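Novice: here's a sequence, model it:
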Amino acid sequence: GGRPMANKLELTWYGKDEPIRVEPRLLIENTALSNTAADSETQNMLIHGDNLLALKALESKFAGQVKCIYIDPPYNTGSAFEHYDDNLEHSIWLNLMRPRLEILWNLLDDTVGSLWISIDDSEQAYMRVLCDELFGRHNFVAQIVWQKRYSRENRESIGDVHEYILVYAKDTVSFKEVRNLVPMTEEQAKVYKNPNNDPRGRWRPVPMTAQAGHATPDQFYEIKAPGGKIHTPPAGRCWSLSKKTFEELLSDGRIYFGKDNNSQPNKIRYLSEVPGVAPWTWWPSDEVGHTDSAKKEIMELFGKDNIFDTPKPEGLIQRIIHIATNPGDLVLDSFLGSGTTAAVAQKMGRRWIGVEMGNHAYTHCKVRMDKVIAGEDPGGITKAQNWQGGGGYRFYEVAPTLINKDPFDEYVINEDYDANMLAAAVALHEGFHYQPDGDLFWKQSVGNENSYLFVTTRHLNSPYLDSIKDTMEEDEYLIIACRSFDSGLDKAYDNITVKK
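Specialist: Numbers count the residues shown, from 1 in each chain. Sure, this is the predicted structure:
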């Protein structure tokens, strides 16, 4: 049967209505691969495994905590290469993206979190409509154009020299208040000069008149130039400064009367006092790098044979992280690829979580981060950030499934799970937090409102249950999941539920 025509604007595709159920999994640290020597307290996470399972595993702990998420998902370009299964049909691609985007949105900080998505022309329109549907059009911030090539592209009828970065924010008003300005380029700064060798450095004159419409009386006054000429605001204009403010700036040497010392006064603005410029949507390659510079960065890290097809330059990710976060903030990338986002976050003093499903979690991400930490990666933004090395990360694997099917098609507990893993995994499934209590063994996992979960691989008998009941408070509630139990025990006490 087809879909009923819903009276709403939406993108439809094959499989959109099939619910995608994600089994909650544990993340298990592989301490042999973690790098904590320089920072034993590090909470940075490098995760190998399917990113939907990994995101689901992160969701309960990190919901609302990530300041900036950047993803560079596979684009449906049809030029399938080794590192990604990139040749996905549109519908499969949308089915892959939607559940991941939903969890990513939940992970963002509710007031100032922002999501940045790299995408090219083959999927940009679909991604934009999908995001509008998931996040609300009112949470769209901008679509940035990144100039990925600086030389002419002659193979196409019209050469493709740019990609996009879609930006959405949890709250666009709050995001605008906290987002950082971008440092000026030398091109933008060249209007600041220092012809008079001012010890305060380069400066430019700024006109000090404004429209008279909202003026107060103290914005109309005469100004006498050092050369003797009297200035009043032109018709329909007023001074932008009150008389008091003007006199303070004048005595501080911050008013300029032109080369002849007799022209209409200007405020002096020093380059050193300009905090930067508001970000805009055009990011040329000479400011943030291009595909060739990114490939060069990868070659220097991994050698000529390990070229990654679509790397992003560190400068591009640096600008995103700079605009969206401050030092100490948490950054996440669930399509980590060659590890660029983690490397840039580390060099910029941000905390980070990176997920990579492919083998290059080991061959690229880990190798790269170990070099960054050891101070053995001179490329990318190392010099710009004055990065000397340091920090660390913990390496995690997504746990295997808790429930397997045996040869007779019966569901059985995965035997790779030891007792602690089993308890933690069942807790995850039941919505509890695994945190064993030192004093009371049955307080193994904690829910809300004084509820607890206890998982045991033993058979439950009446004396054992009574001994637990004796240590419980009146208002405490316990679920026991066990291998088997004496008949009737599941009805023995109102505040203890027993199940297999």
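
Novice: those helices in the stretch 251-400 of the chain, which residues are they?
Specialist: Along the stretch 251-400 of the chain, counting by DSSP state H, counting those that start in this stretch, helices occupy 285-288, 291-302, 314-324, 340-347, 360, 367-374.

Novice: ignore what I typed, I meant the chain.
Specialist: For the chain, helices defined by DSSP state H occupy the ranges 51-62, 90-107, 124-135, 172-178, 186-189, 243-251, 285-288, 291-302, 314-324, 340-347, 360, 367-374, 419-430, 462-470.

Novice: so what touches the fifth one?
Specialist: Which is helix 186-189. With CB atoms under 8 Å, 6 or more residues apart in numbering as the contact definition, helix 186-189 has outside contacts at 202, 271, 277. Where C-beta positions appear, they are placed from N, C-alpha and C, glycine not excepted.

Novice: and with 10 Å instead?
Specialist: If you take CB atoms under 10 Å, 6 or more residues apart in numbering as the criterion, helix 186-189 is touched by 182, 183, 202, 204, 271, 274, 276, 277, 284, 286, 287.

Novice: right, and residue 341 touches residue 324 too?
Specialist: No: Residue 341 lies out of contact with residue 324 (CB atoms under 10 Å); the separation is 11.9 Å.

Novice: mind listing the shared neighbours of those two?
Specialist: Common neighbours of residue 341 and residue 324, counting by CB under 10 Å, 6+ apart, are 68, 69, 70, 116, 331, 350.

Novice: re the thing from before, looking at residue 341 and residue 324, which one has more neighbours?
Specialist: Shown here are residue 341 and residue 324; by other CB atoms under 10 Å, residue 341 has more neighbours (31 against 26).

Novice: run through the bridge partners of the spatially most central residue of the chain.
Specialist: The centroid of the chain falls nearest to residue 69 when counting by CA atoms, centre = their mean (1.8 Å). Counting by DSSP bridges, residue 69 forms beta bridges with residue 115, residue 332.

Novice: how about the contacts made by it?
Specialist: 101, 104-105, 107-109, 113-117, 168, 324, 330-334, 341, 353.

Novice: let's go with 8 Å and repeat that
Specialist: 104, 107, 108, 113, 114, 115, 116, 331, 332, 333, 334.

Novice: which of those are buried?
Specialist: 104, 107, 108, 113, 114, 115, 116, 331, 332, 333, 334 (16 or more other CB atoms under 10 Å).

Novice: now stretch 389-405, how far from the centre of its chain.
Specialist: Centroid separation between stretch 389-405 and its chain, computed with CA atoms, centre = their mean, to the nearest Å, is 20 Å.

Novice: buried residues, that stretch. List them.
Specialist: 391, 392, 393, 394, 395, 396, 397, 398, 399, 402.

Novice: dump the residue contacts of the fourth one.
Specialist: This means residue 394. 29, 31, 34, 36, 42, 43, 44, 45, 46.

Novice: how about this protein, which residue sits the furthest from its center?
Specialist: Ranked by distance from the centre of the chain (CA atoms, centre = their mean), the top residue is residue 228, with 58.6 Å.

Novice: which residues does the closest residue to that one other than its chain neighbours contact?
Specialist: Nearest non-adjacent residue to residue 228, counting by CB to CB, 6 or more residues apart in numbering: residue 262, 7.0 Å away. Residues in contact with residue 262 (CB under 8 Å, 6+ apart) are 225, 226, 227, 228, 229.
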